[in-house]
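Engineer: one predicted model, sequence on top.
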Amino acid sequence: MAAFYHLVTRHRLRVGQVLDFSAGQLNRQATFFLGVPANLNLRDILKQTQLSTLPATDRGRHALRELVLERVRVQSFPELPSRLSCLYAATSVQQALAWQTLFENEGRHVLQLVKGTTTGPVFYGDAAKLPTVADETSAVKILAAQNYWRYPAKDQRLSEVLVSGRVTVDEIVNEF
């Protein structure tokens, strides 16, 4: 069973609470960047969304990056958890606190740091390998997405743990 640390930014969690990503439920990142309701399924999003129709806004560029990452994952790394249907976490308290600084610099207020476990798939990604949101060719974005999924990085400063399946909150480490 994989253990991890998650920063809570929207609604406080409680010990024993289960967050279920086992059937392709969308996470907040997906609903925010793609502008879709949370009750849609990941498979439906991939069928419906055309990359060429995304607006040339910051939000649209983030949506494009996430859709490129998702399409590369589905085609080449289907056993790995989706970035659009997972809980984002860190491997240690120290790594989570590095993310807290970044979140707060972006105006996202952190409410809690929780420790959790899952029996579902986990991926240790290096945020530095993500495709940029800058205007680059699709080929450049696809290559960056392939490198992100192909070369996991557990111990980078901004490693991100993508936690899928049924996720259980085991401990409230800190309240902010």
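Structural biologist: Looks like it arrived, so ask away. This is a predicted model, so every value here is computed, not measured.
Engineer: can you give me the pLDDT of the residue nearest the centre of the chain?
Structural biologist: Centroid-nearest residue in the chain, with C-alpha atoms, centre = their mean: R83, separated by 4.0 Å. Note on R83: pLDDT of 95.
Engineer: next one: A2
Structural biologist: So, for A2, pLDDT stands at 81.
Engineer: what's near enough to touch it?
Structural biologist: T117, T118, T119, V122, V163 (C-beta atoms under 8 Å, 6 or more residues apart in numbering). In short, each C-beta sits where N, CA and C put it, glycine included.
Engineer: buried ones in stretch 4-19?
Structural biologist: F4, Y5, H6, L7, V8, T9, L13, L19 (16 or more other C-beta atoms under 10 Å).
Engineer: give me the beta-bridge partners of the fourth one?
Structural biologist: Read it as L7. Taking DSSP bridges as the rule, L7 bridges to L113.
Engineer: and it, how far from P81?
Structural biologist: 18 Å (C-beta to C-beta, to the nearest Å).
Engineer: and the least confident of the contacts of A2?
Structural biologist: T119 (87).
Engineer: tell me the phi and psi of it?
Structural biologist: The phi and psi values for T119, taken as degrees, to the nearest 10, are phi -100, psi 0.
Engineer: pretty sure it contacts R166?
Structural biologist: Yes: distance between T119 and R166: 6.8 Å, which falls inside the contact criterion (C-beta atoms under 8 Å).
Engineer: mind naming the longest strand for this structure?
Structural biologist: Longest strand in the chain, counting residues (DSSP state E): strand 165-175.
Engineer: list the buried residues in stretch 70-83.
Structural biologist: Neighbour count says stretch 70-83 has E70, V72, R73, L80, P81, S82, R83 buried, by 16+ other C-beta under 10 Å.
Engineer: please read the previous query as pertaining to stretch 150-161.
Structural biologist: Applying 16+ other C-beta under 10 Å to stretch 150-161 flags P152, A153, Q156, S159, E160, V161 as buried.
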